[in-house]
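Visitor: please work out how this folds:
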Amino acid sequence: MTKDAGPAAEGLRERKKQQTRERIARTALELFARDGFHETTIPAIAEAADVSPRTVSSYFPAKEDLVFPEAAGTFGELGVRLRERGPDETTADALRAWLGEQLPQWADREDEIRAQRRVVDSDPGLQAYEQRFRYEAEHMIAVSIADDLGASPDELEPRMAAAATFAIFGVFGDHKHADGSAVDPAEEGLLVLDRALRFVDAGIRALRDGQDTPFLR
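Guide: The predicted structure is shown next:
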């Protein structure tokens, strides 16, 4: 066996594991969209994905995780991007750069994301589960904005700015042209986000530059 066989074999195993994970998540979403979240069982997902129920549970310990397979990784990447931003880069700057990287990937998964949205919107329990990710993401952004301001994440200004920043995601998802047609995420998404983030960034910079004024304190 050559010296490179070990790392090569390990890389192959990781790719196969990722492919299996993606197949399970894709199959589950198709069944959820067709039959309903609660009506779809783990054994049914396992059979359709050609794996064992134990394999499904090993990749996705909670059934709800099958609806949000990318959430942990996506928000993890955002956290790293915010923590590693440059000294002259605000949270809005870093968020804009991160979104620029994500939008093409989201555009490629547009049908999947729409199906996911329909499944979530049809079930109050899934909406509550999704809210946990939103709280975590909003807190992450608040921590980053607090660092911009030299403040505590628990103070009013970082929390308000984080809420306004995170609200952009919802507005962006509903944004349409004047004729009612949808905005293309890959081609026009950044233009829409730039306009929204410009307001947020101006607010963060204004708070940072005037944070010791009586009006803000």
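Visitor: pretty sure A162 is touching Y135, no?
Guide: No. Between A162 and Y135 there is no contact under Cβ atoms under 8 Å: 10.6 Å. In this view, the C-beta of every residue, glycine as well, is placed from N, C-alpha and C.
Visitor: which of these two has more neighbours?
Guide: Between A162 and Y135, counted using other Cβ atoms under 10 Å, the more crowded position is A162 (24 against 11).
Visitor: chain center to stretch 143-159: distance?
Guide: Distance of stretch 143-159 from its chain centroid, counting by Cα atoms, centre = their mean, to the nearest Å, is 21 Å.
Visitor: just stretch 61-78 next, same as before
Guide: 8 Å.
Visitor: can you check stretch 48-58 too?
Guide: 25 Å.
Visitor: can you tell me what sits against that stretch?
Guide: Defining contact as Cβ atoms under 8 Å, 6 or more residues apart in numbering, one finds that stretch 48-58 is touched by T20, R23, I24, T27, A28, E30, L31, I42, P43, I45, A46, L66.
Visitor: one more pass at 7 Å, please.
Guide: T20, R23, I24, T27, L31, I42, P43, I45, A46 (Cβ atoms under 7 Å, 6 or more residues apart in numbering).
Visitor: same thing with stretch 116-136?
Guide: Here stretch 116-136 has contacts from L29, F32, A33, F37, E64, V67, F68, A71, F75, F166, using Cβ under 7 Å, 6+ apart.
Visitor: next secondary structure after the helix or strand hosting E22?
Guide: Take DSSP states H and E as the rule and E22 turns out to sit in helix 5-35. For helix 5-35, the following helix or strand on the C-terminal side (DSSP H and E) is helix 42-49.
Visitor: quick check: mean pLDDT of that next one?
Guide: For helix 42-49, the mean per-residue pLDDT is 97.
Visitor: now that helix: buried residues?
Guide: I42, A44, I45, A46, A48, A49 (16 or more other Cβ atoms under 10 Å).
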